[in-house]
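Enquirer: give the three-dimensional model of this entry:
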Amino acid sequence: MRALILTGGLGTRLRPLTLALPKPVLPVVNRPFLEHQLLDLRRQGVREVLLATGYKPKAFAKAFGNGHRLGLKLRYAHETRPLGTGGAVRQALSFFKGTTLVLNGDVLQRLDLASFRKRHLDVRAEVSIALTRVADPTQFGLVETNGRGLVKRFLEKPSPEEVTCDTINAGAYLIEPSALDLIPPGVLYSIERGLFPELLKRGRRMAGWVSNGYWLDIGTLDKYLQAHVDGLGGAWPLPLAGLRHKGAFLLDHGARLSPRASHEGRGRVLLGPGTTVEAGARFSGSVCLGADVRVAPGAALNDCVVLDGARIGAESRLDRCLVGRNVRIGAGSVVGPGRALGDGSRLTPFSR
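Expert: Below is the predicted model:
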């Protein structure tokens with residue numbers, strides 16, 4: 001099976017972290033986010049992937065190249081102006097050779113592709129939509145299916161009184177080439193708001209398949225942090241090959257951990273290549289430190305992400321925050337929940 005991944009978005013809700021890197025290339029537990037998805041596709045038998053890029057396309061080629069490192073054949077289709085999800089799919093029409101998997105590039109999920117494809121073929125659908133269940137359906141667009149699992153209707157952000165199900169679009173689709181004829185070429189178009197409702201209106205067969213695996217849209221700063229907390233907390237499988245284990249600490253190549261550093265509570269702490277944690281540093285929850293990070297004595301970090309090259313000063317406090325690349329946090333500073341420091345930011349000592 002081939003897979004097309006839609007990666008053209010600007011990532012505005014993840015600023016300032018996406019000012020220098022596109023969202024799918026941002027590190028999640030010290031690997032480009034999209035790499036987790038690509039490795040999972042390879043594990044399930046996908047060998048050829050097309051990345052539909054838009055914003056900062058060179059970052060994708062730098063991170064993934066031709067895919068050889070990941071055991072995949074990677075190709076790129078770049079849009080010079082925004083085309084939306086539908087326009088990007090239409091531009092890749094020649095890539096569709098039979099049933100093709102299409103994925104949104106900002107969702108971290110674990111799909112059972114064999115089951116998804118079996119369902120798609122069993123009901124002879126032109127399009128199948130992977131669905132996930134949510135606790136509060138009013139925050140999402142719902143996909144309602146009948147007793148045979150065929151799509152009945154789409155309901156965008158319903159009121160509590162309108163809710164009829166708890167299944168939403170999970171951002172993964174199996175699509176037959178015949179369904180793409182309805183997408184106009186070269187224009188801004190949405191498969192979710194354009195193609196899918198049009199197929200339903202015309203009576204074309206669309207199926208819904210509920211995935212029970214992990215699912216998270218990482219499109220906001222809060223969800224980006226959650227992806228790390230969930231991964232280090234065991235909610236989804238981390239790539240642990242090559243890491244040294246010291247209690248709750250996971251050390252990459254060249255990382256140094258003082259025996260007088262400590263961790264308490266749930267979760268784990270990941271130290272990237274060349275990172276140093278000094279004596280008296282205290283950790284709680286899940287903390288991800290990128291490459292070449294320095295954590296000074298007495299610093300306390302709880303449920304946070306610190307990207308490559310950052311320096312965390314002595315006796316500073318970081319709580320449920322995001323720290324960009326090459327940030328300098330002065331001694332005694334406090335960075336609280338919900339804060340996101342862009343690349344190269346400087347906090348003088350005792351900043352609040």
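
Enquirer: list the residues that contact the residue lying closest to Lys23 once chain neighbours are set aside.
Expert: Using Cβ to Cβ, 6 or more residues apart in numbering and skipping the chain neighbours, the partner closest in space to Lys23 is Gly11 (3.6 Å). Glycine gets a C-beta too; all of them are placed from N, C-alpha and C. Going by Cβ atoms under 8 Å, 6 or more residues apart in numbering, Gly11 touches 17-18, 22-23, 26, 55, 106, 219.

Enquirer: thinking Leu111 is in contact with Gly213, fair?
Expert: Yes. Counting by Cβ atoms under 8 Å, Leu111 does reach Gly213; the two are 6.0 Å apart.

Enquirer: which of these two has more neighbours?
Expert: Remark: of Leu111 and Gly213, Leu111 carries more neighbours, 25 against 13, as counted by other Cβ atoms under 10 Å.

Enquirer: quick one: low-confidence residue ranges for this protein.
Expert: Regions of the chain meeting the criterion pLDDT under 70 are absent.

Enquirer: which residues does the nearest residue to Glu176 once chain neighbours are set aside contact?
Expert: Closest residue to Glu176 apart from its sequence neighbours, by Cβ to Cβ, 6+ apart: Glu126 at 4.8 Å. By Cβ under 8 Å, 6+ apart, the contact set of Glu126 is 175-176, 178-179, 199, 204-206.

Enquirer: assign the residue lying closest to Gly280 once chain neighbours are set aside to helix, strand or coil.
Expert: The spatially closest residue to Gly280, leaving aside those adjacent along the chain, is Pro297, at 4.3 Å (Cβ to Cβ, 6+ apart). Using DSSP: H, G, I helix; E, B strand; the rest coil, the structure places Pro297 in coil.

Enquirer: my guess is Pro297 contacts Glu278. True?
Expert: Yes. Contact status for Pro297 versus Glu278: in contact at 4.8 Å, counting by Cβ under 8 Å.

Enquirer: stretch 165-183 spans what distance, first to last residue?
Expert: By Cα to Cα, to the nearest Å, the extent of stretch 165-183 from end to end equals 29 Å.

Enquirer: among the contacts of Gly11, name the ones in strands.
Expert: Among these, no residue falls in strands (DSSP state E).

Enquirer: still on that earlier bit, now the residue nearest to Glu176: how far from Arg148?
Expert: 15 Å (Cβ to Cβ, to the nearest Å).

Enquirer: appreciated, that's everything.
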